[in-house]
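# just the structure for this:
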Amino acid sequence: MTRKPKPSAAAVVQTPRKEAEAGEEANCDDGKPSDRPKERGNNVNNNDGTKPVTEWKLARKKALLQFRCKLEDAIRGDYLLGRSYRSLSRSSRENMNNVSSQQPPLWDIALWGVPLLPSKGHEGTDHVLTNFLKARDYKAGEAFEMLQETLRWRRQHMVDEITGELPFGPDEPVSQMMYVRSVDRDGRPLCYHVYGMLEDREAYKRALGTKERVEEFKRWVVQLMEKVVRRLSFKDGGVHSLIQITDLKNMQSHSAKEMRGVLRSTFLTVQDHYPELVHRHIILNVPLWFYTFHLLLLRLLRQSDKRKFILARPAKVTKTLLKFINPEDLPVEYGGLLRENDEEFSTLDKVSEVFVRGNTTKSIRIPIAEAGATVVWDVTVVGYDVSYKEEFVPDDEGSYKVLLHMSKKLSKSVRNSYYINEPGDLVITVRNPTFKKKRVLYRTKFKPTVPMYVFFK
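Presented below is the predicted three-dimensional model:
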């Protein structure tokens, strides 16, 4: 009687694995394709929602189709806002049936200017529905409930009836706290919330002094959000989101309590009723009290919204913003080169950059071959803390150098101009006394100029 050989340890380990793999294959429904994605790493949350529908994975296409069917039935059945045709009184149903040519009241319902009825075939409908799907991890039922809540909230607060009138006078400083200016590197609008103007106690009382003023202020935030969203393009290849920049510079302790309520209301409103429309929340000049508030706020936000927050201390403001915004689109008050009502430069004038290593000096030479023109230039240094000097060096050795800007510490963006009456070089010298590498941004422009003495002649 022969004894059977014992299986090896590797065979013992591999046998259950093979049986498990066979069991997984046996669970398939007679060769029908499974709705689950083949790769677990490609979760539905990883999609940015900007690809065409034909490139979406099967799970996302299925979720969008379910969402469209739910929405179509709800609009045609007149129960999208929680009120169905069957719940109407008998007289109301008879009146609706007698007028057969009249469309149900919800057929024309729209959100952010995009019709919601899928059968209308509007190209922006799928993009709006996708935002709600992404906010609910592509679960059609939860996305449909979120859309219902958003529509009820808009009707309750009469968001569509906002006329555009500000709750504050145009001459008051508080009316300039929120504005939209320029775009980021991908064309997204930049929405600025500058709360530093509330450092003045009188301005603070006018804006947030009473509960009624606080409610008006929150309504003003919603009004600005609506204006920005109307600029978005819900179509393939368009801009689907914005960047919200909140500046807390000079925020005083006496206004921290009300400001926390306003910020909490703003962030939660955006999360619940403007899903996936804010690409980034950038908080600038963060005070110490905001870190505690931020930790508490994160408990109320979804994981996808938590990743959108970027906090920047005062020393990192310009460096943080330049990661998302080009220098020519960044306002000068934040270390960029964009000036309001600028007649010299536009955002089409590109910016050059050089780096100055620590404890070194760098000279930027701009050659000027012809006379009879005025050269205009902008210069800024990320982080500042450098010495800066400007001079014009003629090509003729017999001519004198012209000192245009004495060497001194640079603390803001600089603009200067000089009329060229002979060929030479414009020399910008930057000395970096720190140990960190500095980034210098500059641009120049030449424009023909007639000297003033010609007019006097």
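
# roughly how far does Arg299 sit from Ile310?
19 Å (Cβ to Cβ, to the nearest Å). For glycine as for every other residue, the C-beta is placed from the backbone atoms N, C-alpha and C.

# higher neighbour count, those two?
Applying other Cβ atoms under 10 Å to Arg299 and Ile310 shows that Ile310 carries more neighbours, namely 17 against 7.

# give me every residue that touches the more buried one.
Ile310 makes contacts with 280-283, 320, as judged by Cβ atoms under 8 Å, 6 or more residues apart in numbering.

# and Met259, by the same measure?
So Met259 contacts 195, 198, 208, 248, 251 (Cβ under 8 Å, 6+ apart).

# and the host helix or strand of it, how far out from the chain middle?
Secondary structure from DSSP states H and E places Met259 in helix 256-273. How far helix 256-273 lies from its chain's middle: 17 Å, per Cα atoms, centre = their mean, to the nearest Å.

# what mean pLDDT does that helix have?
The average of the pLDDT scores along helix 256-273 is 82.

# quick check: buried residues in that helix?
258-260, 262-263, 265-267, 269-271, 273 (16 or more other Cβ atoms under 10 Å).

# which one of the contacts of Met259 is nearest to Gly424?
Leu248 (46.2 Å; Cβ to Cβ).

# residues in contact with that closest one?
195-196, 259, 283-287, 290.

# skipping adjacent residues, who's closest to it in space?
Asn285 (5.2 Å; Cβ to Cβ, 6 or more residues apart in numbering).

# before we move on, back to that, mind putting the contacts of Ile310 into CSV with distance to Glu391?
Shown next, in CSV, are those (distance: Cβ to Cβ, whole Å):
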residue, distance to Glu391
Arg280, 41
His281, 44
Ile282, 38
Ile283, 41
Thr320, 33
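
# of those residues - the most surrounded one?
Using other Cβ under 10 Å as the neighbour criterion, Ile282 leads the contacts of Ile310 with 23 neighbours.

# enumerate every residue touching Val229.
So Val229 contacts 112, 242, 274, 277 (Cβ under 8 Å, 6+ apart).

# mind listing which of those are in strands?
Judged by DSSP state E, the contacts of Val229 include Leu242 as members of strands.

# returning to that earlier point: restricted to strands, list the contacts of Met259.
Using DSSP E, none of these sit in strands.

# just give me the closest of the buried residues of helix 256-273 to Arg188.
Closest to Arg188, out of all of the buried residues of helix 256-273 and judged by Cβ to Cβ, is Val270, at 14.5 Å.

# share the number of residues neighbouring the residue nearest to Leu248, please.
22.

# please apply the same query to Arg188.
If we define neighbours as other Cβ under 10 Å, then Arg188 has 21 of them.

# for it, give me its contacts.
239, 241-243, 279.

# let me know the closest of those residues to Val402.
Ile243 (42.4 Å).

# got a list of what the closest one touches?
184, 188-191, 278-280, 282, 324.

# helices of this protein, residue ranges please.
Taking DSSP state H as the test, the helices found in the chain are 9-26, 58-76, 90-98, 125-135, 140-156, 201-208, 211-229, 256-273, 288-298, 303-306, 317-321, 452-456.

# quick one: these as TSV, columns for distance to Thr380 too.
TSV is the format used below for these (distance: least, Cβ to Cβ, whole Å):
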stretch	distance to Thr380
helix 9-26	60
helix 58-76	44
helix 90-98	64
helix 125-135	36
helix 140-156	42
helix 201-208	29
helix 211-229	27
helix 256-273	30
helix 288-298	27
helix 303-306	33
helix 317-321	8
helix 452-456	30
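
# most neighbours per residue, which of those?
Of the helices of the chain, the one with the most neighbours on average (mean count of other Cβ atoms under 10 Å) is helix 125-135, at a mean of 22.

# please name every helix or strand in contact with that one.
helix 58-76, strand 114-115, helix 140-156 (3 or more Cβ pairs under 8 Å, 6 or more residues apart in numbering; DSSP states H and E).

# what about Val82, how many residues nearby?
Quick fix: residue 82 is Gly, not Val. Neighbours around Gly82, by other Cβ under 10 Å: 11.

# that one reaches Gln148, doesn't it?
Yes: here Gly82 reaches Gln148: they are 6.9 Å apart, a contact under Cβ atoms under 8 Å.

# contacting residues for the residue nearest to Leu248?
Asn285 neighbours (Cβ under 8 Å, 6+ apart): 196, 247-250, 312-314, 317.

# need the phi and psi values for it.
For Asn285, the backbone dihedrals (degrees, to the nearest 10) come out as phi 50, psi 50.

# next one: stretch 368-378 to chain centre, how far?
37 Å.

# and that stretch, what's its mean pLDDT?
88.

# between the two ends of that stretch, how far is it?
16 Å (Cα to Cα, to the nearest Å).

# in that stretch, which residues are buried?
Buried-residue list, stretch 368-378, by 16+ other Cβ under 10 Å: 368, 374-375, 377-378.

# quick check: the two most widely separated of those?
That would be Ile368 and Asp378, which, of the buried residues of stretch 368-378, are the farthest apart (Cβ to Cβ) at 16.6 Å.

# circling back: closest to Lys57 out of the contacts of Arg188?
Distance to Lys57, by Cβ to Cβ, is smallest for Ser241 among the contacts of Arg188, at 21.2 Å.

# surely that closest one touches Val278?
Yes: counting by Cβ under 8 Å, Ser241 touches Val278, with 6.4 Å between them.

# tell me how far the spatially most central residue of the chain lies from Met158.
Nearest to the mean C-alpha position of the chain, counting by Cα atoms, centre = their mean, stands Ile243 at 1.3 Å. From Ile243 across to Met158, the span is 27 Å (Cβ to Cβ).

# same check on Ala143?
24 Å.

# I figured Arg339 was touching Leu330, is that so?
No: taking contacts as Cβ under 8 Å, Arg339 lies outside contact range of Leu330: 10.8 Å.

# between those two, who's got more neighbours?
Taking other Cβ under 10 Å, Arg339 and Leu330 do not tie; Leu330 has more neighbours (25 against 15).

# contacting residues for the more buried one?
The neighbourhood of Leu330, defined by Cβ under 8 Å, 6+ apart, consists of 182, 318, 321-322, 336-338.

# so which pair among those residues is furthest apart in space?
Top of the distance list for the contacts of Leu330 (Cβ to Cβ): Ser182 and Thr318, 15.0 Å.

# one step back: want to throw the contacts of Ile243 into TSV with pLDDT and distance to Ser407?
Below are the contacts of Ile243 laid out as TSV (pLDDT from 0 to 100; distance: Cβ to Cβ, whole Å):
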residue	pLDDT	distance to Ser407
Asp184	93	35
Arg188	93	39
Pro189	93	40
Leu190	94	34
Cys191	93	39
Val278	91	44
His279	92	42
Arg280	92	38
Ile282	94	34
Phe324	94	33
